[in-house]
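In: Quick one: sequence plus predicted model below, questions after.
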Amino acid sequence: MADKLPREMTGAELKSMLKSSINLKSLGGVKCPELKLAPEDLQWWRDAKVGMFVHWGLYSILGRGEWARFNEQIPKEEYEALADEFIPQDFSMTEWTELAKDFGAKYMVMVTRHHDGFALWDSPASYEGFTSYERGAKRDFVKEYTEAARAAGLKVGLYYSPMDWRFPGYFDPEGLPKNAQLMKDQCYGQVEELCSKYGPVDIMWYDGGWLAHKGSDTSSAWFWEPEKLNKLVRRYNPKTLLNPRSGYEGDFYCDEGSHEITGKILPVPWEKNMCVCSGCSWGWMADDPVSSFEWLIKMLVDVVCRDGNWLLNVGPDRNGKLSDEVKNRMREIGAWLAEYGEAVYGTRGGPIEPLDGVYGSTSKENKIYFHILDTDACSKSQIPFEGYRIVTAALFHGEQVPFEQKDEAFSLDLSGVKNPETDTIVVLTLDREVERKENSEIHFTGK
């Protein structure tokens, strides 16, 4: 198939595509062709499908969420004193990387510094030396993480927040330009440290580019100069994937939160970021209920069938520990992926458009993995489908499924499926390979 030139999706077409529950962060970010990665550079990430996110910091001592410092207006001295208490007991970073492997993740993203300004590494650029290396722990957790992740065969993602509540200039950058510049200088210095000290960074995952908690990452690009910032990243790691939260449009989009995913396949590379617990906090909270296995599998299916990646967050406590319930749920999902991963890893969403709450599809080569969430609603329904001929239909483990195909649709007789699973997978073998349309060929404009 001949290469297609990138095109702009605008106006009614863009609005139509976004008629779903998906809320892509930072649509219409600053463009910079020099920074844009080629589709082949995203292939490992798009094949990976599953990642593990980790939020951990001083807020993990309080257990009231990562926004506790701001929400509760905790005095500077009181909050920063926690840095001398942040001394995790009997903690090894391999606890996280082993869990990530058990979960089935192919990559990780660890928070290196959240909005409170506390850096989890040896950071000379940190304003006032507010780091885990200088204060209580005397440890460089980013070094420990990057080494452990690579040893486990996981791709390395670093979360970094440019903003910092410690600077009054964050809340009034025009009125307090010198103070705001101090924050910006810290950002550039710390990003350079992260990209130069710890080997190749596979993903730079920004958050919090907006100023004074207003507007968007894109509307604050005048201040952060994201083209300049990310050229700094690429100077050290030319193939680092960039999310869109610095104000630059990035290499993939993010949908944040635990809301359900509905609608059609998205024509862009994107990632669903959500928590294994209730989603009321990304950081540790002692009584935050763990989501059910069935609901999480449904979320995974809804994401990959719309051609997205799934980045599932855990929030360790002050000692870097996770509850047995969280670990068991992550491993339960991992066991499912170990059994059914062929229908997830290395696939692309489609070509059959999802029907909310009923079915969706993934595909690779000449196989379509038809993910059925509601067998009663799906059985014998006419499923829109044209351009391919189905040769066989079978449950994932081999039992044949009766089917009928007409010119523009097919139907499955699922009456023989006596005990439907959370995701009942029917493998459709085709007489030719599914054409793969790389989503990165399409770009957004506008906010």
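Out: Right, received. Where do you want to start?

In: Can you tell me the element the residue nearest to the spatial centre of the chain falls in?
Out: The centroid of the chain falls nearest to Leu311 when counting by C-alpha atoms, centre = their mean (3.7 Å). Using DSSP states H and E, Leu311 sits within strand 308-314.

In: Now do the helices in this structure.
Out: Secondary structure of the chain (DSSP state H): helices at 11-17, 43-48, 59-62, 68-71, 76-80, 94-103, 141-151, 168-171, 177-197, 221-224, 226-236, 293-304, 324-340, 375-378.

In: closest to Arg113 out of those helices?
Out: Nearest to Arg113 among the helices of the chain is helix 177-197; the distance by C-beta to C-beta comes to 6.8 Å. Using the backbone N, CA and C atoms, a C-beta is placed for each residue, glycine as well.

In: what's next to that closest one, contact-wise?
Out: 112-113, 119, 121-127, 142-143, 158, 160, 162-164, 167-170, 172-173, 201, 204, 223-224, 229, 232-233, 235-237, 240 (C-beta atoms under 8 Å, 6 or more residues apart in numbering).

In: filter the residues you listed to the buried ones?
Out: Taking 16 or more other C-beta atoms under 10 Å as the criterion, what is buried in these is 112-113, 119, 121-123, 125-127, 142-143, 158, 160, 162-164, 167, 169-170, 173, 201, 204, 223-224, 229, 233, 236-237, 240.

In: From Lys239, how far out is Tyr253?
Out: Separation of Tyr253 from Lys239 (C-beta to C-beta, to the nearest Å): 19 Å.

In: before we move on, what about Ser246?
Out: Going from Ser246 to Lys239 by C-beta to C-beta gives 17 Å.

In: of the two, who's got more company?
Out: Set Ser246 next to Lys239 and count neighbours by other C-beta atoms under 10 Å: Ser246 wins out with 32 against 15.

In: Give the full set of residues in contact with that one.
Out: So Ser246 contacts Pro162, Tyr206, Gly209, Asp217, Trp224, Pro226, Leu229, Asn230 (C-beta under 8 Å, 6+ apart).

In: Quick one, grab the pLDDT at the spatially closest residue to Arg135 that is not a sequence neighbour.
Out: Closest residue to Arg135 apart from its sequence neighbours, by C-beta to C-beta, 6 or more residues apart in numbering: Ala83 at 3.8 Å. On pLDDT, Ala83 comes in at 98.

In: now swap in Gly446 and tell me
Out: On pLDDT, Gly446 comes in at 38.

In: if we can go back for a sec, hmm, the residue nearest to Arg135 is touching Phe130, no?
Out: Yes: between Ala83 and Phe130 there is a contact at 6.5 Å, judged by C-beta atoms under 8 Å.

In: How much space separates Asp90 from Lys321?
Out: Plainly put, Asp90 is 9 Å away from Lys321 if you go by C-beta to C-beta.

In: Next: Phe403.
Out: Distance of Phe403 to Lys321, computed by C-beta to C-beta: 49 Å.

In: okay, and for the protein, where does confidence drop off?
Out: 1-21, 437-447 (pLDDT under 70).

In: which residues does Phe171 contact?
Out: Going by C-beta under 8 Å, 6+ apart, Phe171 touches Leu211, Ala212, His213.
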